[in-house]
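Kindly return the folded structure for what I paste below:
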Amino acid sequence: MGARADGITFFVGSLFFTTAALLQMLVCVGAVPATGHHPLAAVQWRALRQAPHRAEWWSGIVQFVGTVLFNISTFDALQQALDATEANRRVWTPDMLGSIAFLVASALVFADVRRPWLWWRPRDLGWSIAVLNMVGSVAFGISAVASYVVPSTGDFRDLQRVNVGTFVGALCFLVGAALLVPAQSVPDPATARSRP
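I've put the predicted structure just below:
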């Protein structure tokens, strides 16, 4: 459909991405409860939990910042008249910084999983989600590096890696998010005991 339509699609998609990251951050910092039998009915806005000692807390914030950087990148990519230098400064740089933020957020969560590097545990839901997020972040990072615009030609460094990295990263995040649904539906034992 053309570069303009592609750019609008990516920008609108980045807004959905940031909305999802905002919701996840609100859960991570304690503004929205993560568990309950009726998650939507149980949402109660409360004071943000100050827990900077928790990897999950930092991960939610860093990931949200990364998605905002992707918003900036995809918005600036709508400008058709950018030369290679401007494209690298206004589009590639925030994309690269957003990808770094995703790698940091994924590393924080992965390191928080009990003994993450010692053995293969695909039946451990938390470990599987952390691995999928890490693989997705690496794929986004590869895509970002490959999307650097070569000044002498005005072309991406490697368009195939841009597309494959973006697809694999998005797929990993989708599967990881889908795996979170059963994890969130299991009642927290402490919460279950406190109910009448």
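
in this protein, which spans are strands?
Along the chain, counting by DSSP state E, no stretch forms strands.

Low-confidence stretches in it?
Applying pLDDT under 70 to the chain flags the ranges 1, 30-52, 114-118, 181-196.

any chance you could map the helices in it?
Ranges of helices in the chain, per DSSP state H, are 3-28, 55-76, 84-87, 93-112, 125-146, 159-185, 189-194.

Distance to residue 153 added to these, as JSON lines?
C-betas here are computed from N, CA, C, even on glycine. Converted to JSON lines, these look like this (distance: least, C-beta to C-beta, whole Å):
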{"stretch": "helix 3-28", "distance to residue 153": "17"}
{"stretch": "helix 55-76", "distance to residue 153": "20"}
{"stretch": "helix 84-87", "distance to residue 153": "8"}
{"stretch": "helix 93-112", "distance to residue 153": "19"}
{"stretch": "helix 125-146", "distance to residue 153": "14"}
{"stretch": "helix 159-185", "distance to residue 153": "12"}
{"stretch": "helix 189-194", "distance to residue 153": "58"}
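
With distance to residue 152 and mean neighbour count as extra columns, can I get these in TSV?
Below are the helices of the chain laid out as TSV (distance: least, C-beta to C-beta, whole Å; neighbours: other C-beta atoms under 10 Å):
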stretch	distance to residue 152	mean neighbour count
helix 3-28	21	16
helix 55-76	22	21
helix 84-87	8	15
helix 93-112	19	21
helix 125-146	17	20
helix 159-185	16	15
helix 189-194	60	10
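
and residue 157, what are its phi and psi?
phi -60, psi -40 (degrees, to the nearest 10).

Quick check: closest non-adjacent residue to it.
Excluding the flanking residues, the one nearest residue 157 by C-beta to C-beta, 6 or more residues apart in numbering is residue 148, at 4.7 Å.

In contact with that neighbour, which residues?
Residues in contact with residue 148 (C-beta atoms under 8 Å, 6 or more residues apart in numbering) are 88, 92, 156-157.

Residue 119: what's it in contact with?
By C-beta under 8 Å, 6+ apart, the contact set of residue 119 is empty.

redo that, cut-off 10 Å
Counting by C-beta atoms under 10 Å, 6 or more residues apart in numbering, residue 119 makes contact with residue 127.

again, but for the one 10 residues further on
Residues in contact with residue 129 (C-beta under 10 Å, 6+ apart) are 109-110, 113, 172, 175-180, 183.

any idea how far residue 97 is from it?
The gap separating residue 129 from residue 97 is 24 Å, by C-beta to C-beta, to the nearest Å.

List the contacts of the residue lying closest to residue 85 once chain neighbours are set aside.
The shortest distance from residue 85 to any non-neighbouring residue, by C-beta to C-beta, 6+ apart, is to residue 151 (6.3 Å). Neighbour list for residue 151: 83-85, 87-88 [criterion: C-beta under 10 Å, 6+ apart].

With residue 135 instead?
If a contact means C-beta under 10 Å, 6+ apart, then residue 135 has 106, 168-169, 171-173, 175-176 as its contacts.
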